[in-house]
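K.L.:
next come a sequence and a model predicted from it.
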Amino acid sequence: MPGSCIFNSRWIHDPKYQEWIAEADKRHARCLLCHKTINLASMGESALTSHGKGAKHQKLLAYQREKNWSKTIVTSIFANDLSSKSASGSGPSATGRRPPDAPLQFSAAPTTGHRPPDALLSFSTAPTTDRKPPDAPPQFSAAPATDRRQPDALPSFAAAAATDHKPPNALPLFSAVPATDHRPPDAPRSFVAAAATDRKPPDAPPSSSSDSGTALASSKPPAQSAPASFANNTDTLNAELRRSTMANRNTCTEVVLLACGSFNPITNMHLRMFELARDHLHETGRYLVLRGIISPVGDAYKKKGLVEATHRVAMIEKAIQLSDWLTLDTWESKQNEWVETVKVLRHHCENLKNQFVTDKKNATQCRKGKKRKIEDKDVCLIDEKDMPQLMLLCGGDVLESFGVPDLWKKEDIEEILGTFGMVCISRHACNLQKCIFESDILWQCRNKIHLVTEWIDNDISATKVRRALRRGHSIKYVVPDPVIDYILWHQLYDQHSEDRNSGVVLAPFQRYREESSRNAV
């Protein structure tokens, strides 16, 4: 019945809501991600469904799942590592109760040894409950042991992690896993057999395993490799930084990155530019990057060696198929004439605005117990500051090309920098600060230019990739593997394709020179 809906406790266990819902009171639910109270009185579960479809809620939910996934992977790695170490020991646990004159024995599971000052030290590698006479040979242990010994007791050796409760003047415990050794300056050094290096005093006898005959305490165990799924997910390294940015999302400007260019073909450096730009903007603490858009230029650009747009679009699709935030837009590539970069920016800015307004219209509000959609008259109340900001992503060569005559219009440069802004990735041997200083337009808009330095020197370019392909050289690890397969299958980038548009004037030069000639007349 409208106006009398209450919170249903079963929602807490429902897979659709259990990740973010909590009960606020009888007629309200609480979103743990958005920190928002949801009124259930009139709409009931429909209010939860509507809130769950919100763009910001979906974004926060994705970050939460990424966080949980990372924790699961790391936990599984350490669990496998610990299980492999414990598997190197043998047998179940044994508890040895020794008389005062019996030698100390160590079993393959945790033991508690309370020994008198004159007790000898023995080692075991298998479960045992026997009590040996003083002249029995020592045995070795490969499992954790808790050692409490008297001040003058001999040192104990364990082949696994150990908790050592010893008085200040007791000799050190030697263990086969990394240990924290708090010892006085004159105390002998402790042994860590599972650490990267082996530190033994000159007079210490080598520890051995009675089962295999190989050194245990003096050799390093095989390295534990991480699962491939964890190693491939490199962006989780910056997950904490992105989550801290999300925590301050109310004060951050949402950003969409747009990269225009030939992508002939797309290379790993093109993809890396997006990662570098996102990391830089997140590190400022002022921006939150939502997604990246790749817009390849159309065939009418008439650049020398430019293959058909259909091939370049297909290669971009294959290159970004594993990315969760990069997208392809084909509007520019489908135009019959060359489109200036500033017009491409306007097109995508208008798309972002329409999408933003549509999301606002679809949002529902509870007013006087009735479900109401935002009317068209309310669209004018939308603050454009809440809309995502579109930024042009480019390399240092684009910034330098602003100074090339007849390649860019002055008013286009002013609009690109003043209205949208730019993230520029420095290339090898580029002095972008000098380039900005020597241009009056760039200097006036210098605060809208984000310069990002690529500290890993990388001179990959599509021109060099095409040259390598013409000469039959490998381009593996320079271009994504699916793109390489596509190029080889369609036999792209031979001498014939490189001669395409040879002798043809580049579209920007042709257009702007004609305009200059008409204005001069």
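P.N.:
Looks like it arrived, so ask away.

K.L.:
would you mark the buried spots in stretch 274-294?
P.N.:
The neighbour-count check on stretch 274-294 (16 or more other Cβ atoms under 10 Å) flags 274-282, 287-294 as buried. C-beta coordinates here come from the backbone N, C-alpha and C atoms, glycine included.

K.L.:
between the two ends of that stretch, how far is it?
P.N.:
Length of stretch 274-294, first residue to last, Cα to Cα, to the nearest Å: 10 Å.

K.L.:
pLDDT averaged over it - what is it?
P.N.:
For stretch 274-294, the mean pLDDT works out to 95.

K.L.:
repeat for stretch 355-372
P.N.:
The pLDDT scores in stretch 355-372 average 63.

K.L.:
do stretch 316-334 as well
P.N.:
Across stretch 316-334, the per-residue pLDDT values average to 95.

K.L.:
contacting residues around that stretch?
P.N.:
Under the criterion Cβ atoms under 8 Å, 6 or more residues apart in numbering, residues 260, 263, 266, 270-271, 274, 289-299, 309, 312-313, 339, 344, 347-348, 480, 482-483, 485-486 lie in contact with stretch 316-334.

K.L.:
now the buried members of those residues.
P.N.:
For those, buried by 16+ other Cβ under 10 Å: 260, 263, 266, 270-271, 274, 289-299, 309, 312-313, 339, 344, 347-348, 480, 482-483, 486.

K.L.:
my guess is Trp443 contacts Gln433, does it?
P.N.:
No: the criterion here is Cβ atoms under 8 Å, and Trp443 misses it with Gln433 at 10.7 Å.

K.L.:
pull the number of nearby residues for Val465.
P.N.:
Each residue near Val465 was counted by other Cβ atoms under 10 Å, and the total is 23.

K.L.:
that should have said Leu345, apologies.
P.N.:
Residues lying near Leu345 (other Cβ under 10 Å) number 21.

K.L.:
any weak-confidence spans in this protein?
P.N.:
Counting by pLDDT under 70, the chain has low-confidence residues at 1-3, 70-71, 74-250, 363-384, 427-429, 521.

K.L.:
state the distance from Ser461 to Trp408.
P.N.:
21 Å (Cβ to Cβ, to the nearest Å).

K.L.:
higher neighbour count, those two?
P.N.:
Between Ser461 and Trp408, counted using other Cβ under 10 Å, the more crowded position is Trp408 (20 against 17).

K.L.:
report the contact partners of the nearest residue in space to that one that is not next to it in sequence.
P.N.:
The shortest distance from Trp408 to any non-neighbouring residue, by Cβ to Cβ, 6 or more residues apart in numbering, is to Phe402 (5.5 Å). Neighbour list for Phe402: 408, 413, 439, 441-442 [criterion: Cβ under 8 Å, 6+ apart].

K.L.:
circling back to that earlier point, of the contacts of stretch 316-334, which belong to strands?
P.N.:
Among the contacts of stretch 316-334, the members found in strands (DSSP state E) are 260, 289-296.

K.L.:
what's the local residue count around Asp481?
P.N.:
Applying other Cβ under 10 Å, we find 11 residues neighbouring Asp481.

K.L.:
which secondary structure state does His496 sit in?
P.N.:
With DSSP: H, G, I helix; E, B strand; the rest coil as the basis, His496 sits in helix.

K.L.:
which residue, neighbours along the chain excluded, lies closest to Arg500?
P.N.:
Of all residues not flanking Arg500 in the chain, Gly305 sits nearest, at 6.1 Å (Cβ to Cβ, 6+ apart).

K.L.:
wait, isn't the one you found in contact with His496?
P.N.:
No: in this structure Gly305 lies outside contact range of His496 using Cβ under 8 Å: 10.2 Å.

K.L.:
and those two? which has more neighbours close in?
P.N.:
A direct count of neighbours by other Cβ under 10 Å for Gly305 and His496 places Gly305 higher, at 19 against 9.

K.L.:
helix or strand: which one has that one?
P.N.:
Following DSSP states H and E, there is no helix or strand that holds Gly305.

K.L.:
how far away is it from Arg470?
P.N.:
According to Cβ to Cβ, Gly305 stands 10 Å off from Arg470.

K.L.:
shared neighbours of the two, anything?
P.N.:
Common neighbours of Gly305 and Arg470 are listed as 493, 498 (criterion: Cβ under 8 Å, 6+ apart).

K.L.:
list the buried residues for stretch 27-35?
P.N.:
If you call a residue buried by 16+ other Cβ under 10 Å, then stretch 27-35 has these buried ones: 27, 29-31, 33-34.

K.L.:
hmm, who's touching the helix or strand hosting Arg30?
P.N.:
Here Arg30, judged by DSSP H and E, is contained in strand 28-31. Strand 28-31 has contacts (Cβ under 8 Å, 6+ apart) with 7, 11, 20-24, 36-40, 47-48, 51, 57.

K.L.:
and for stretch 492-501?
P.N.:
The contact list for stretch 492-501 (Cβ under 8 Å, 6+ apart) reads 265, 302-307, 311, 465-466, 469-470, 486-487.

K.L.:
mind listing which of the residues you listed are in helices?
P.N.:
Among these, the ones falling in helices (DSSP state H) are 311, 465-466, 469-470, 486-487.

K.L.:
just the closest of those to Pro388, please.
P.N.:
Set against Pro388, the nearest of those by Cβ to Cβ is His311 (30.8 Å).

K.L.:
give me the number of residues near the closest one?
P.N.:
Using other Cβ under 10 Å: His311 sits among 18 other residues.

K.L.:
now do the SS call for Gln58.
P.N.:
Assignment for Gln58 (three-state DSSP): helix.

K.L.:
which ones are touching it?
P.N.:
Contact analysis of Gln58 by Cβ under 8 Å, 6+ apart lists Gly52.

K.L.:
contacts only, for the nearest residue to His270 once chain neighbours are set aside.
P.N.:
Ranked by Cβ to Cβ, 6+ apart and with sequence neighbours excluded, the top spatial neighbour of His270 is Phe263, at 6.3 Å. If you count contacts by Cβ under 8 Å, 6+ apart, Phe263 has them with 270, 294, 296, 312, 315-316, 462.

K.L.:
cool, Leu451 as well?
P.N.:
Neighbouring residues of Leu451 by Cβ under 8 Å, 6+ apart: 424, 426, 432-433.

K.L.:
and if you look at Ile460?
P.N.:
Neighbouring residues of Ile460 by Cβ under 8 Å, 6+ apart: 267-269, 478.

K.L.:
which of the contacts of stretch 492-501 tops the neighbour count?
P.N.:
So for those (other Cβ under 10 Å), the most neighbours sit at Pro265, 25 neighbours.

K.L.:
look up how far Ser295 lies from the closest residue in space to that residue that isn't next to it in sequence.
P.N.:
Counting by Cβ to Cβ, 6+ apart, Met315 is the residue found nearest to Pro265 once chain neighbours are left out, at 5.1 Å. Here Met315 is placed at a distance of 14 Å from Ser295 (Cβ to Cβ).
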